[in-house]
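[1] Turn this into a structure:
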Amino acid sequence: MDGRQPSFQKLSVLMPIYNERWTLDDIVRQTLGSPVPLEIELVAVDDCSSDGSWEVLQRLASQDPRIKAVRHPRNRGKGAAIRTAIEHMTGQVAVIQDADLEYDPREYPLLLAPILARKADAVFGSRFTSHARRVLFFWHAVVNTGLTLISNMLNDLNLTDMETCYKMVRADILKRLRLQANSFTLEPELTCRLAQWRARIYEVPISYSGRTYDEGKKIRARDGVKALWQMLYSKFIDPQFTDHMGLYLLTSMSRTMRYHRWLLRQAAGYVGRRVLDAGAGIGSLSGMLLDREQLVAADYEPTYLTALRQRFSLRANVRVEEADLNRPEPYVQWQQERFDTILCASVLEYLESDEGALRGFYQTLAPGGHCVVVVPAESKLYNNMDRQLGRRRRYAVKELGEKMSRTGFRVVASRQFGRLPAVAWMVLGRVLRRRHVSPRQMIWFDRFWPLIQVLDHLLPTPGLSILMVGRKEK
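    Numbers count the residues shown, from 1 in each chain. Below you'll find the model as predicted:
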């Protein structure tokens, strides 16, 4: 178990190329000579150029092993070229670099600094803040400003230059983003996906030497319309920002503040001052317990650990630990902590041995301590959404109570809840064949939570979840 941050050793430069033969030598030389404190690799993807760019790129790659040269057999667009480059990169940080000399690779250190300082997950280079730039087209600037404004409104950001080429992103995040755009619409799509990820985005000023259309500039007015559609599509029609379904669900669930506050109120009499959040995910419950004397947020999934460290690294009373709850080692180490409370919300159903985990929790707790467990209820509700999430099981109240008793706990509180959501879960999974819930559905779930509580006393159907508290007597 540890709270180590990932190390940054290599910068991957992602370069889409389409008919840039006459600038390619210069931009490659400038890129590989950038004064960054990391090793550089250049992943250059030729998008089926017809002017000899591929031959130039092959020659350059034969002369320098830092260059990875890839070619599309047909022209697919900038976004597709970037996605191909992402598949081939090996660095811990990535930056997009056009091949047309408009952006200066000597400024990579400006973008890299907030990431190396652990302050940012992504850094955008702004062409419109406090830096020298070539003065060019008025209407192009108006459209750019308008698209940035709309992007900011949709994603709740305050960028000055959404359309900038210079977007530097941590590789562990970039590889997890669900990117589908093929053209220049990659820029608004990437911005939206980073916002949906809740990435920490910084913006730094950069210089810009824009080209005229006579000099080879490729973007046209219709691309502005495409960018607008891409923003609306990514925000409202297809908001799934990652194929990591656990992260997508947890990010969706993090919007349910009413539900999480209610959950902690139900367990309030059992939550003490020294708390272990076992299987903390991205910290939705941990974030509501920051007033505790000691809080350990533990998880095993690297993506969740990264989110936890980013969120709680400045809290002296909070420690993030890597822990595999399927193994005995974490419980042995935690016995020294004398926790008076263990929270285990939406975790047991994923474990190979849920009783093994409960036994470990019992051994870890101080005498008189409580283990607060939340699990999905009713095996008959199990459907494609559970399967997609990787859940192994759902529970009956009696079954969970027996498992807690067998592992040493005395059950002191139990409640099955969420009768209306159980109906919705059945309809979505069995009737509509949905495979996951969306952030929008979670927002509505949270808005209707007061009504859901009332209906729990009226509906005859079983509830979606179980909250159970076990006490360690000795």
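
[2] could you pull out the helices for the stretch 151-300 of the chain?
    Assigned by DSSP state H, counting those that start in this stretch, the helices in the stretch 151-300 of the chain fall at 171-174, 186-197, 221-232, 245-253, 257-266.

[3] ranking those by burial, who's on top?
    Most buried of those, by mean neighbour count (mean count of other Cβ atoms under 10 Å): helix 186-197, with a mean of 24. Using the backbone N, CA and C atoms, a C-beta is placed for each residue, glycine as well.

[4] In contact with the nearest residue to residue 465 once chain neighbours are set aside: list those residues for me.
    Closest residue to residue 465 apart from its sequence neighbours, by Cβ to Cβ, 6 or more residues apart in numbering: residue 418 at 5.1 Å. Residue 418 sits next to 377, 452, 456, 463, 464, 465 when contact means Cβ atoms under 8 Å, 6 or more residues apart in numbering.

[5] Tell me which of the helices of the stretch 151-300 of the chain sits nearest to residue 128.
    With Cβ to Cβ as the measure, helix 186-197 is the member of these nearest residue 128 (14.6 Å).

[6] So what's the gap between that closest one and the chain middle?
    Counting by Cα atoms, centre = their mean, to the nearest Å, helix 186-197 is centred 11 Å from the centre of its parent chain.

[7] That one packs against which elements?
    The helices and strands touching helix 186-197, judged by 3 or more Cβ pairs under 8 Å, 6 or more residues apart in numbering; DSSP states H and E, are helix 78-88, helix 138-155, strand 167-170, helix 221-232.

[8] Most tightly packed of those?
    Greatest average neighbour count among the helices and strands packed on helix 186-197 goes to strand 167-170 (a mean of 25), per mean count of other Cβ under 10 Å.

[9] Name every strand pairing with that one and say which way it goes.
    As defined by DSSP bridges, the strand partners of strand 167-170 come to strand 93-96 (antiparallel), strand 122-126 (antiparallel).

[10] Strands of this structure, start to end?
    In the chain, the strands defined using DSSP state E lie at 10-17, 39-46, 67-71, 93-96, 122-126, 167-170, 201-205, 274-278, 294-299, 318-322, 339-345, 365-376, 410-417, 465-471.

[11] Can you give the contact residues for the longest one?
    Defining contact as Cβ under 8 Å, 6+ apart, one finds that strand 365-376 is touched by 263, 267, 270-272, 274, 338-346, 348-349, 358, 361-362, 386, 391, 394-395, 400, 404, 409, 412, 464-474.

[12] Mind listing what's buried along it?
    The neighbour-count check on strand 365-376 (16 or more other Cβ atoms under 10 Å) flags 365, 369, 370, 371, 372, 373, 374, 375, 376 as buried.

[13] So for that strand, mean pLDDT?
    Strand 365-376 comes out with an average pLDDT of 98.

[14] by how many degrees do it and strand 410-417 diverge?
    20 degrees (axes from the mean of the first three to the mean of the last three Cα atoms, to 10 degrees).

[15] Ok, the second one next?
    In this structure, strand 39-46 runs at an angle of 30 degrees to strand 410-417, with the same axes, to 10 degrees as the basis.

[16] Would you mind splitting the protein into its domains for me?
    Domains of the chain are assigned by automatic domain parsing as 10-243, 246-471.

[17] Is it correct that residue 263 is in contact with residue 284?
    No. Assessed by Cβ atoms under 8 Å, residue 263 is found out of contact with residue 284, at 9.6 Å.

[18] sorry, back to before: of the strands paired with strand 167-170, which is nearest residue 222?
    When the strands paired with strand 167-170 are compared by Cβ to Cβ, strand 93-96 sits nearest residue 222, at 21.7 Å.

[19] Report the distance from the closest one to the chain centre.
    The gap between the average C-alpha position of strand 93-96 and the chain average comes to 17 Å, counting by Cα atoms, centre = their mean.

[20] ok, now stretch 320-332?
    With Cα atoms, centre = their mean, you get 23 Å for stretch 320-332.

[21] CA atoms only for that stretch, dumped as CSV, please.
    Taking C-alpha atoms only, stretch 320-332 is exported to CSV below (Å, rounded to 0.1, in the frame of the first residue of the first chain):
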residue,chain,number,x,y,z
VAL,A,320,-4.6,7.5,0.2
GLU,A,321,-3.5,3.9,0.0
GLU,A,322,-3.4,1.3,-2.6
ALA,A,323,-5.0,-1.9,-1.3
ASP,A,324,-6.4,-5.0,-2.9
LEU,A,325,-9.2,-6.1,-0.7
ASN,A,326,-9.0,-9.7,-2.1
ARG,A,327,-5.6,-10.1,-0.4
PRO,A,328,-4.8,-10.4,3.3
GLU,A,329,-1.9,-7.9,3.4
PRO,A,330,-3.9,-4.7,3.7
TYR,A,331,-5.9,-6.0,6.7
VAL,A,332,-2.7,-7.1,8.5
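
[22] contacts for that stretch?
    Outside stretch 320-332, the residues that touch it by Cβ under 8 Å, 6+ apart are 1-3, 278-279, 296-300, 305, 308-309, 312-313, 347, 351-353, 356-357, 360-361, 363-364.
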